[in-house]
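> Build me a model:
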Amino acid sequence: MPTRTELFSGVGRVREGHEFDVAGLERFMAENVAGFAGPVSVRQFKGGQSNPTYRVDAASGAYVLRRKPPGRLLPSAHAVDREYAVMSALRGTSVPVPETYTLCEDEAVTGTPFYVMEFVEGRVLWEPQLPGMEPGERTAVYDAMNAVIARLHAVDFEAVGLSGFGRPGGFVARQIRRWSRQYLESGEEPVEELDRLCAWLPERLPDRDETAVVHGDYRIDNMIFHATEPRVAAVLDWELSTLGDPVGDFAYHVMQWRLPPSVFRGLRGADLDALGIPAEERYVAAYCERTGRDGIPHWDYYMAYCMFRLAAILHGILVRERQGTAANAHAAGMGALARPVARLAWEQVETIEARRRET
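Numbers count the residues shown, from 1 in each chain. Reported below is the predicted structural model:
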């Protein structure tokens, strides 16, 4: 059985249905990317589930093109313009992001909107247990991820020009409505636990209100690490970024501690001490120290909400696979995880309700 690293690392030929006019792209880049010089060759990255991503090699160097997938799309999904905007705004902060070069919303060029950004050299770490590393290396990698998300949530979004990037307050409620609507409107592959979560989550919303720039899908394989150092060179895949609740964003990242490896590359059941990976409590404490928090109330609710959100995202991948518009050849395997993740989310709810009945 091939590993995720073997399945998703590197580039290959452009997949069927994801082709576009390379000559048209070359003309566009010549007019809109400073210092660009052709000719170009294009290959598609094997990883990624939502927006097709390509390596563009030219006489002037390597670039990355990320575009909306072709076909019928759900409203507000595949927001390459938002990815471009947030990375451009964060470029001058302590959050490592690729340099952005140009955004094209004219579908005549490649068939869908796209943007071009810097190709960042380094490693994508596809396996959360980091096979092949020494325990001290794993500790340093996880500490680097913790530091970067803490720095992201400390960014002054008004100062970097992102005050209009989302609405302050009420973020979790809006997210629940968004993913519930996206799941329900798809009209395909109903999941009983997702139906229950759509009803339960809005009734138990925590009474808190905080706003920061949030990534929306912050995990180890959505970043590039330095080739030899345990340092984040670039955070990628900002499609779900917005102004939102930083605790929800952090909880989504920490969710992997509660998921088993068999479901979604989780860490549950792993010998974390032997691996050198911090336990959930220690990892959360490090984030709280970096962000000046005295713990995180309603933590289990956030876990249920984040698992629901993940299940809804996976359900969307499954729907796109059924429609033939999935960006990744392995989408069917990913989409099939929607149901087990939804069950795990409902298990969190059952734990919360049992605790509530005891008090």
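
> Please enumerate the strands of the protein.
For the chain, the strands defined by DSSP state E occupy 11-12, 40-45, 53-58, 61-67, 100-104, 114-118, 212-214, 223-225, 232-235, 242-244.

> what domains does the record give for this protein?
Domain assignment for the chain by automatic domain parsing gives 4-118, 135-358.

> Would you single out the least confident of these?
Of all the domains of the chain, mean pLDDT reaches its minimum on domain 4-118 (a mean of 88).

> among the strands of the chain, which is nearest residue 284?
strand 212-214 (16.7 Å; CB to CB). (Glycine included, C-beta is placed from N, CA and C.)

> Can you give me the buried ones in the closest one?
212-214 (16 or more other CB atoms under 10 Å).

> just the strands of the chain: most buried one?
strand 212-214 (a mean of 25; mean count of other CB atoms under 10 Å).

> residues in contact with it?
Identification of contacts with strand 212-214 by CB atoms under 8 Å, 6 or more residues apart in numbering yields 86, 90, 152-155, 157, 162, 165, 171, 241-246, 248-249.

> Direction included, what does it pair against?
Here strand 212-214 has these sheet partners by DSSP bridges: strand 242-244 (antiparallel).

> what sits up against the partner strand?
The contact list for strand 242-244 (CB under 8 Å, 6+ apart) reads 82, 157, 162, 165-168, 171-172, 175, 211-214, 216.

> Touching, residue 258 and residue 302? I think so.
No - here residue 258 does not reach residue 302: they are 11.0 Å apart, not a contact under CB atoms under 8 Å.

> Compare those two and say which is more crowded by neighbours.
Counted by other CB atoms under 10 Å, residue 258 and residue 302 do not tie: residue 302 has more neighbours, with 23 against 19.

> Skipping adjacent residues, who's closest to the more buried one in space?
residue 251 (3.8 Å; CB to CB, 6 or more residues apart in numbering).

> Relative to residue 66, how far out is that neighbour?
According to CB to CB, to the nearest Å, residue 251 and residue 66 sit 26 Å apart.

> so what's residue 233 up against?
96, 120-122, 223-226.

> mind running it again at 6 Å?
96, 120, 122, 224, 226 (CB atoms under 6 Å, 6 or more residues apart in numbering).

> Give me the residues contacting the longest helix belonging to the chain.
For the chain, the helix with the greatest residue count under DSSP state H is helix 299-323. Residues outside helix 299-323 that contact it (CB under 6 Å, 6+ apart): 49, 179, 183, 186, 188-189, 194, 197, 201, 206, 248, 251-252, 255, 326, 331-332, 334-335, 337-338, 341-342, 344-345, 348-349, 352.

> Identify each of the helices in this structure and give its residue range.
Using DSSP H, the helices assigned to the chain run over residues 4-8, 22-32, 80-90, 107-110, 135-154, 171-186, 192-203, 246-254, 261-264, 272-275, 280-291, 299-323, 331-335, 338-358.

> Of all those helices, which one is nearest residue 61?
Comparing those under CB to CB, the one sitting nearest is helix 22-32, at 11.4 Å.

> for that closest one, packing partners?
helix 107-110 (3 or more CB pairs under 6 Å, 6 or more residues apart in numbering; DSSP states H and E).

> Show me which residues of the helix it packs on are buried.
Taking 16+ other CB under 10 Å as the criterion, helix 107-110 shows 109-110 as buried.

> now stretch 116-133
So for stretch 116-133, counting by 16+ other CB under 10 Å, buried means 116-120, 122-126, 128-130, 133.

> residue nearest the centroid of this structure?
Centroid check for the chain by CA atoms, centre = their mean gives residue 217 as the closest residue, at 2.6 Å.

> Kindly list the main-chain dihedrals of that residue?
Residue 217 adopts backbone torsions of phi -150, psi 50, taken as degrees, to the nearest 10.

> Surely it and residue 238 touch.
No - counting by CB atoms under 6 Å, residue 217 does not reach residue 238; the two are 8.3 Å apart.

> how far away is the nearest residue to residue 140 once chain neighbours are set aside from residue 310?
Nearest non-adjacent residue to residue 140, counting by CB to CB, 6+ apart: residue 230, 3.6 Å away. According to CB to CB, residue 230 and residue 310 sit 26 Å apart.

> So for those two, which sits in the more crowded spot?
residue 310 (23 against 19).

> quick revisit: just the buried members of the contacts of helix 299-323?
Of those, these count as buried by 16+ other CB under 10 Å: 49, 179, 183, 186, 194, 197, 201, 248, 251-252, 255, 326, 331, 334-335, 337-338, 341-342, 344-345, 348-349, 352.

> rewinding a little: from the buried residues of stretch 116-133, which two are the most distant?
Longest span within these, CB to CB: 116 and 129, 34.0 Å.

> For the residue nearest to the centre of the chain, which non-adjacent residue is closest in space?
residue 240 (5.1 Å).

> Same question for residue 152.
Spatially, and ignoring its direct neighbours in sequence, residue 152 is nearest to residue 95 (5.0 Å; CB to CB, 6+ apart).

> What about the residue nearest to residue 108 when sequence neighbours are not counted, how many residues nearby?
By the measure of CB to CB, 6+ apart, the closest residue to residue 108 outside its immediate chain neighbours is residue 24, 7.8 Å from it. Residues within reach of residue 24, counting by other CB under 10 Å, total 13.
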